[in-house]
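Novice: take this sequence and fold it.
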Amino acid sequence: MNDLAVPEPRETDPNELIRPAALVLPAVAEPPLTERRPWLERSDIVDAVSVSGAKTPVYLTSDGVAITTTGIGKSDAATSVTALLASPEIDLSAAYVVSAGIAGGPPERIALGSVAIADAVVDWDRKHRWDRATNGSHETQAAHTAHPESNEGRDDPDAGLDLLAYRPHDYVHHLEDALVDVACEAADDTSLRTDADARAYQDSYPDAQEAGPAVERGPTVCGDEFWHGPRYAQEVEWLCDAYGISPYLTTQMEDAATATALERFDRLDRYLSVRAVANYDRAAPGQSVEENFDGNEASLALALDNAARVGGAIVDELVEHDPLEIRPENGV
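Specialist: Alright, predicted model coming up:
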């Protein structure tokens with residue numbers, strides 16, 4: 001932050017009320033992820049305020065956009081977004097909300113550096129994970145531990161996963177189609193950066209996409225678990241299929257919490273998730289999961305850049321044209 005020309009955060013005046021036209025929510029400010037930095041670099045930051053309960057200061061732009069981070073994971077995101085929604089200092093009643101940052105993705109489905117605009121957000125953590133092979137027997141458990149190759153159904157997610165028995169609703173948020181349409185149209189005219197090193201890394205996956213970065217539309221899956229590998233990707237696909245929204249495009253750790261908080265405040269209809277793929281959700285041939293988990297420096301930098309490019313074009317469109325007419329001057 002020391003090399004960015006942004007104001008120091010101040011305490012808000014009890015008599016002032018900040019009314020942004022859009023709220024941008026990257027998850028992380030700290031290196032190496034730095035999802036917030038491109039937004040501060042591209043914007044004319046005119047003010048910064050401290051908000052009780054928020055993870056980091058809220059930066060305000062000259063064109064009415066607020067930028068702050070949620071923190072990593074669902075508990076941080078839910079707390080941060082709820083604090084902003086309930087704050088007496090900020091009025092979000094006429095603001096669009098955009099999660100903008102990086103994500104993982106399946107290599108056969110999306111290119112590194114591609115930007116996915118979500119039409120649905122799945123909560124990965126709301127499910128049953130059963131060890132059905134043991135049937136509750138200590139002897140059987142010991143046998144399967146000693147001889148894991150005999151675990152019947154160990155490679156079949158359907159044998160070990162189930163939707164919650166108590167499920168008053170499906171744990172998937174379907175985002176407002178009209179707003180997703182607007183976002184996709186705004187993104188169509190955005191130029192995405194490419195990178196030779198990121199492309200070489202993509203090509204190390206035999207089943208990876210042949211194309212370069214593009215804008216895609218599809219489900220994103222959110223969970224607090226740092227999973228990695230084809231076995232778990234198969235389980236994620238099972239859950240999406242059980243909800244009738246397969247195939248998933250991206251995986252991340254905040255957006256189900258953000259969507260839940262917005263829904264509680266009757267704001268879900270103006271929410272978008274814009275995520276660029278920085279890494280794949282499984283290792284390339286010859287790599288360990290530990291070596292592979294974060295992708296590489298080139299794919300991370302590419303995703304950070306493209307997420308801000310597409311996210312910026314979308315936010316500009318929302319602020320300029322208010323497509324859902326949620327601002328008071330537009331009749332609401």
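Novice: okay, CA-based contacts and neighbour counts for the rest of this
Specialist: Fine.
Novice: now residue 39, what's its secondary structure?
Specialist: Secondary structure of residue 39, reduced to three states by DSSP: H, G, I helix; E, B strand; the rest coil: helix.
Novice: so where is the stretch 151-300 of the chain shaky, pLDDT-wise?
Specialist: Within the stretch 151-300 of the chain, the set of residues satisfying pLDDT under 70 comprises 151-159.
Novice: residue ranges of the helices in it, please?
Specialist: Secondary structure of the stretch 151-300 of the chain (DSSP state H, counting those that start in this stretch): helices located at 157-160, 177-188, 196-203, 230-242, 255-264, 289-292, 297-321.
Novice: closest one to residue 63 among these?
Specialist: For these, the distance to residue 63 is smallest for helix 297-321, at 7.9 Å, taking Cα to Cα.
Novice: for the nearest residue to residue 115 once chain neighbours are set aside, name its beta-bridge partners.
Specialist: Distance criterion Cα to Cα, 6 or more residues apart in numbering; nearest residue to residue 115, sequence neighbours excluded, is residue 276 at 4.1 Å. Partner residues in beta bridges with residue 276: residue 102, residue 115, with DSSP bridges as the criterion.
Novice: dump the residue contacts of residue 276.
Specialist: 101-103, 112-116, 303-304, 306-307 (Cα atoms under 8 Å, 6 or more residues apart in numbering).
Novice: burial count for the nearest residue to residue 216 once chain neighbours are set aside?
Specialist: Spatial nearest neighbour of residue 216, chain neighbours left out: residue 116 (4.7 Å); criterion: Cα to Cα, 6+ apart. Counted with other Cα atoms under 10 Å, residues neighbouring residue 116 total 27.
Novice: in contact with residue 116, which residues?
Specialist: Taking Cα under 8 Å, 6+ apart as the definition, contacts of residue 116 comprise 215-218, 249-250, 274-277.
Novice: how close does it sit to residue 105?
Specialist: Residue 116 is 10 Å from residue 105, where distance means Cα to Cα, to the nearest Å.
Novice: joint contacts of the two?
Specialist: Where contact means Cα under 8 Å, 6+ apart, the residues bridging residue 116 and residue 105 through contact with each are 249-250, 277.
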